[in-house]
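Enquirer: What would the 3D arrangement of this be:
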Amino acid sequence: MSIESWVYLLSQPLVTFAVVALILALVLLLFLTYVDVHYYLQVCRARRADDGRERSLVGESLPPVSLIVYARDNADLLRCHLPEYFKQDYPDFEVVVVDDASTDDTRDLLHLYAQQYPRLYSTYVPLDACALSHRKLAITLGFKAIKTDYAVVIDARCVPSSPYWLRNMMRRFSDGVDLVIGYTRLDMASLPETRYWVYDRMLFAASYLSCALLGAPYMGEGTNVAYRKSLFFGHKGFSRTLKFRFGEDDLFINETAVARNSRVEMARDSFVDVRSDDNSPLWSLLKLRYCFTAPYLRHSHRGLFVGEQWSTYLFYAALVVGVVSQPAHPVVWIAALVLLLWRVVMQTKVYRRMADAMELPRIGLWVLLYEWGRPVVNLYFALLARWRRRENLM
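Expert: Predicted coordinates:
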């Protein structure tokens, strides 16, 4: 076509509309690709780098550490997991279980196991402790009970993926480092009903881990985080967030973590698995608790991840508008298909690498459906948290 023909073609309103729509789709696609490559793939790079380091470390160079285990009516899980904790290949550690007013046989079990494991200690939250968040009080009691300068906080539902878990978490500490953020994985089977949970948890974890890897930590999950005791007491524990029932992990890390004092550990041996008989209510509970505390998080990248979710809608809408505006023009169809193919290939490739790095089941092309539904699901939980916000207030 001659220049005159292109000028005439672009002077047509519908053609201009289609061109603008496709340009908008291209801009949105570049933004989505940037988030995928610069943020989400950080987890893959960290996993590859951490796995490349030597597993065995000199025992004498590792400081003594305490494992604080939160338990509430978890006798059956403790019976399975306590022996796993003591299988850690670590030179000097103790296990402190904090019983949060359990009504099952947790306390009897702890007394029995204390005879078998000399390094096992326990404390408890009184039944009549109602003025504070029980979990915050329990973790505070755990920090007061430990005899070492370092603590790794975990839940009784969690089990380390390797006997080298403590070694990998503790190797990150050096002068100026006060906390190490690890990765917690829900123990999920590769079933159709769990695919969305896998997708959502993968992106949730990749968001806060990638930001921490890029020097902007804003949260972590209190089921796999290592602290200096001086950081906890120097910040006066959870005193600034006692009005909230939840947020003992993400809000505290949000207030204390900066680039210079925090590190991320992503080696395979540093993973922790959360085990539950039914992951559906557990996933919903974790989702709701995060929505309770999310508005109070200092998070410079939060708008970026929200924008990424809604940019997906705009991208597909722009493609549809472009094609509908010029349904008979082959160039428009070719451009739209190229952009769509770019998105499909990018999504499946990036998410497959993320699933492999985080050792989650692959979700394949289901990601194209889930990325449409995720903003709606997140909006639902955000509204639900707003409606039930009194549950988070003391």
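Enquirer: Report the buried residues of the biggest helix by length in the chain.
Expert: Counting residues, the longest helix in the chain under DSSP state H turns out to be helix 330-357. For helix 330-357, the neighbour count (16 or more other Cβ atoms under 10 Å) marks 332, 335-336, 339-340, 343, 347-348, 350-351, 353-355, 357 as buried. Bear in mind the C-beta positions are built from the backbone N, C-alpha and C, glycine included.
Enquirer: could you pull out the strands for the stretch 1-150 of the chain?
Expert: Here the stretch 1-150 of the chain has its strands, by DSSP state E, counting those that start in this stretch, at 65-71, 93-100, 120-125, 150-155.
Enquirer: Output the ones you listed in JSON lines, with mean pLDDT, distance to Asn168 and mean neighbour count appended to each entry.
Expert: Formatted as JSON lines, the strands of the stretch 1-150 of the chain follow (pLDDT from 0 to 100; distance: least, Cβ to Cβ, whole Å; neighbours: other Cβ atoms under 10 Å):
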{"stretch": "strand 65-71", "mean pLDDT": "94", "distance to Asn168": "12", "mean neighbour count": "25"}
{"stretch": "strand 93-100", "mean pLDDT": "93", "distance to Asn168": "13", "mean neighbour count": "23"}
{"stretch": "strand 120-125", "mean pLDDT": "89", "distance to Asn168": "22", "mean neighbour count": "18"}
{"stretch": "strand 150-155", "mean pLDDT": "94", "distance to Asn168": "11", "mean neighbour count": "24"}
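Enquirer: mind putting those strands in a markdown table, distance to Gly237 included?
Expert: Converted to a markdown table, the strands of the stretch 1-150 of the chain look like this (distance: least, Cβ to Cβ, whole Å):
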| stretch | distance to Gly237 |
| --- | --- |
| strand 65-71 | 13 |
| strand 93-100 | 14 |
| strand 120-125 | 15 |
| strand 150-155 | 12 |
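Enquirer: So in terms of bridging, what pairs with Leu393?
Expert: On the basis of DSSP bridges, Leu393 is bridged to Phe244.
Enquirer: just to revisit the earlier point, to His301, which of the strands of the stretch 1-150 of the chain lies closest?
Expert: Ranking the strands of the stretch 1-150 of the chain by proximity to His301 (Cβ to Cβ) places strand 150-155 first, at 24.2 Å.
Enquirer: picking up where we left off before, distance from the longest helix of the chain to the middle of the chain?
Expert: Centre-to-centre, helix 330-357 and its host chain are 25 Å apart (Cα atoms, centre = their mean, to the nearest Å).
Enquirer: Then stretch 351-370?
Expert: 15 Å.
Enquirer: give me the number of residues near Asp175?
Expert: Neighbour count for Asp175, taken as other Cβ atoms under 10 Å: 4.
Enquirer: repeat for Arg240
Expert: 12.
Enquirer: just the one 10 residues further on next, same as before
Expert: Number of residues near Asp250 (other Cβ under 10 Å) recorded here: 24.
Enquirer: can you check the one 5 residues further on too?
Expert: Residues lying near Glu255 (other Cβ under 10 Å) number 15.
Enquirer: Contact partners for Val272?
Expert: Ile154, Cys158, Val159, Pro160, Ser161, Trp165, Gly182, Tyr183, Thr184, Arg185, Thr223, Asn224 (Cβ atoms under 8 Å, 6 or more residues apart in numbering).
Enquirer: Show the backbone phi and psi for it.
Expert: Per-residue torsions, Val272: phi -130, psi 140 (degrees, to the nearest 10).
Enquirer: What segments of the protein are helices?
Expert: Applying DSSP H to the chain gives helices spanning 3-10, 13-35, 41-51, 75-85, 106-116, 134-145, 165-170, 195-213, 229-234, 250-256, 279-293, 302-325, 330-357, 366-387.
Enquirer: For Ser262, which of the ones you listed is the nearest?
Expert: Comparison of those against Ser262 by Cβ to Cβ identifies helix 195-213 as nearest, at 6.2 Å.
Enquirer: got the buried residues for the closest one?
Expert: Those would be 195-213, for helix 195-213 by 16+ other Cβ under 10 Å.
Enquirer: Point out where this protein drops to low pLDDT.
Expert: Along the chain, segments meeting pLDDT under 70 span 1-15, 53-60, 128-132, 188-193, 276-280, 394.
Enquirer: how about the nearest residue to the residue nearest the centre of it, chain neighbours excluded?
Expert: Nearest to the centroid of the C-alpha atoms of the chain, with distances taken as Cα atoms, centre = their mean, sits Ala205, at 2.4 Å. The shortest distance from Ala205 to any non-neighbouring residue, by Cβ to Cβ, 6 or more residues apart in numbering, is to Tyr183 (6.2 Å).
Enquirer: helices and strands around the longest helix of the chain, which ones?
Expert: helix 13-35, helix 41-51, helix 195-213, helix 302-325, helix 366-387 (3 or more Cβ pairs under 8 Å, 6 or more residues apart in numbering; DSSP states H and E).
Enquirer: Go ahead and confirm the residue nearest to Ala205 touches Phe271.
Expert: Yes. The criterion here is Cβ atoms under 8 Å, and Tyr183 meets it with Phe271 at 5.6 Å.
Enquirer: The two: which is more packed in?
Expert: Using other Cβ under 10 Å as the criterion, Tyr183 and Phe271 rank with Tyr183 on top: 27 against 21.
Enquirer: Run through the residues that contact the more buried one.
Expert: Ala205, Leu209, Asn224, Glu265, Met266, Ser270, Phe271, Val272, Met358.
Enquirer: closest to Tyr117 among those?
Expert: Nearest to Tyr117 among the contacts of Tyr183, with distances taken as Cβ to Cβ, is Val272, at 19.7 Å.
Enquirer: how near is the closest one to Leu213?
Expert: Val272 sits 18 Å away from Leu213, going by Cβ to Cβ, to the nearest Å.
Enquirer: can you check Thr140 too?
Expert: Where Leu213 is concerned, Thr140 sits at a distance of 29 Å (Cβ to Cβ).
Enquirer: hmm, who's touching stretch 353-366?
Expert: Residues outside stretch 353-366 that contact it (Cβ under 8 Å, 6+ apart): 40-41, 43-44, 47-48, 183, 185, 188-190, 194-196, 198-199, 201-202, 205-206, 266, 268, 271, 344, 348, 351-352, 370.
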